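Enquirer: here's my sequence, what's the structure:
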Amino acid sequence: MDVKPDYLALLVKELKGTDLVVFVDDFHYIDKSVQEEVATVIKEAVREGLRFVLAAVPYHADDVVIANSDLRGRMLKLDFDYWDEAELSKIAEKGFAALNVTVTPATVSAFAIEAAGSPQLMQSLCLNLCFEGDIESTLPEVALLQPDQELIKKVCKRTAQTNDYSSVIRIMREGPKVRGMPRNPYVLTDGSASDVYPILVSAIAQSPPELTFTYPVLLARVASICVKDHPQGSSVTGACAHMSTLANDAAGVSIMEWDGKNDVLDIRDPYLLFALRWSESA
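Expert: Numbers count the residues shown, from 1 in each chain. Have a look, this model is predicted:
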């Protein structure tokens, strides 16, 4: 007769009295029925003095307390969100000041928006603006750098070249292999025709840059790309699910997530979003 292990007892035996912490990543990926069981084990383990860290995307932050309401008051929520525009702007302001360069607020704002919460991307954009402006060290006198829209685009495209997502984007645009009937084509505003996968890629790449899309927002972007008829309903949600799986498999890490329960598409890597907007392969 099989004896089911007492996982709680094992946890307590191994970890009680130590400084070790149990780290649970992506709790929301666990089936809902199993979440309740895991949350119960966590609650009992916490009573024994064990400590847990649960990592989740922002809109799943409360999944564990939903699974077991007794954990309310026992959990401390720590937000590690992406940087906001004001925080990103400080990178440009302090960096260019150190170089004796004054950059227009409009340029700083444009870069902060394109960086989509990533300080590393913001730094890369500023660095490439310096390259384009032949600024290699601190200038002897204060100089004004006032790039136009074309130069900003050039800087963005140059920055995109430092992160190659070409194979991932190609797979996202192609979608899964077609079996049976071909996918429905839709006429686009540029006069071309395309199926749902390239349309979704174009919708994600639209301005303003966003990392998280609810279904209504994504559908509005899809509709704006098409002349009349456009993908909707299960055509969009199903494609989001397939595209996320394909992108993650191609990248070898989780860079996209489709939450089918809440109909939310989450881009988990700002560099992917930036590549979709600016790389030559997008």
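Enquirer: just the mean pLDDT for the longest helix along the chain, thanks.
Expert: Longest among the helix segments of the chain by residue count, using DSSP state H, is helix 234-251. The pLDDT scores in helix 234-251 average 95.
Enquirer: okay, buried residues for it please.
Expert: Of all the residues in helix 234-251, those buried under the rule 16 or more other CB atoms under 10 Å are 235-237, 239-244, 246-248, 250-251. Quick note: C-beta positions are derived from backbone N, CA and C, even for glycine.
Enquirer: just the CA atoms of that helix, as CSV, please.
Expert: Only the C-alpha atoms of helix 234-251 are listed here, as CSV (Å, rounded to 0.1, in the frame of the first residue of the first chain):
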residue,chain,number,x,y,z
SER,A,234,-11.6,32.8,-29.2
SER,A,235,-9.6,33.7,-32.3
VAL,A,236,-7.7,36.3,-30.3
THR,A,237,-7.6,34.5,-27.0
GLY,A,238,-6.6,31.2,-28.5
ALA,A,239,-3.9,32.9,-30.5
CYS,A,240,-2.6,34.7,-27.4
ALA,A,241,-2.3,31.3,-25.6
HIS,A,242,-0.5,29.6,-28.5
MET,A,243,1.8,32.6,-29.2
SER,A,244,2.9,32.8,-25.5
THR,A,245,3.8,29.1,-25.4
LEU,A,246,5.7,29.4,-28.7
ALA,A,247,7.6,32.5,-27.5
ASN,A,248,8.5,31.0,-24.2
ASP,A,249,9.7,27.8,-25.8
ALA,A,250,11.8,29.7,-28.4
ALA,A,251,13.3,31.9,-25.7
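Enquirer: what helices or strands is it leaning on?
Expert: Judged by 3 or more CB pairs under 8 Å, 6 or more residues apart in numbering; DSSP states H and E, helix 234-251 is in contact with helix 166-174, helix 196-205, helix 215-225, strand 256-259.
Enquirer: so which of these is the most packed in?
Expert: With neighbours defined as mean count of other CB atoms under 10 Å, these peak in mean count at helix 196-205, which reaches a mean of 22.
Enquirer: how far away from the center of its chain is that one?
Expert: 16 Å (CA atoms, centre = their mean, to the nearest Å).
Enquirer: helices of the chain, start to end?
Expert: Under DSSP H, the chain gives helices at 7-15, 32-47, 63-67, 85-98, 105-115, 119-132, 149-160, 166-174, 196-205, 215-225, 234-251, 270-278.
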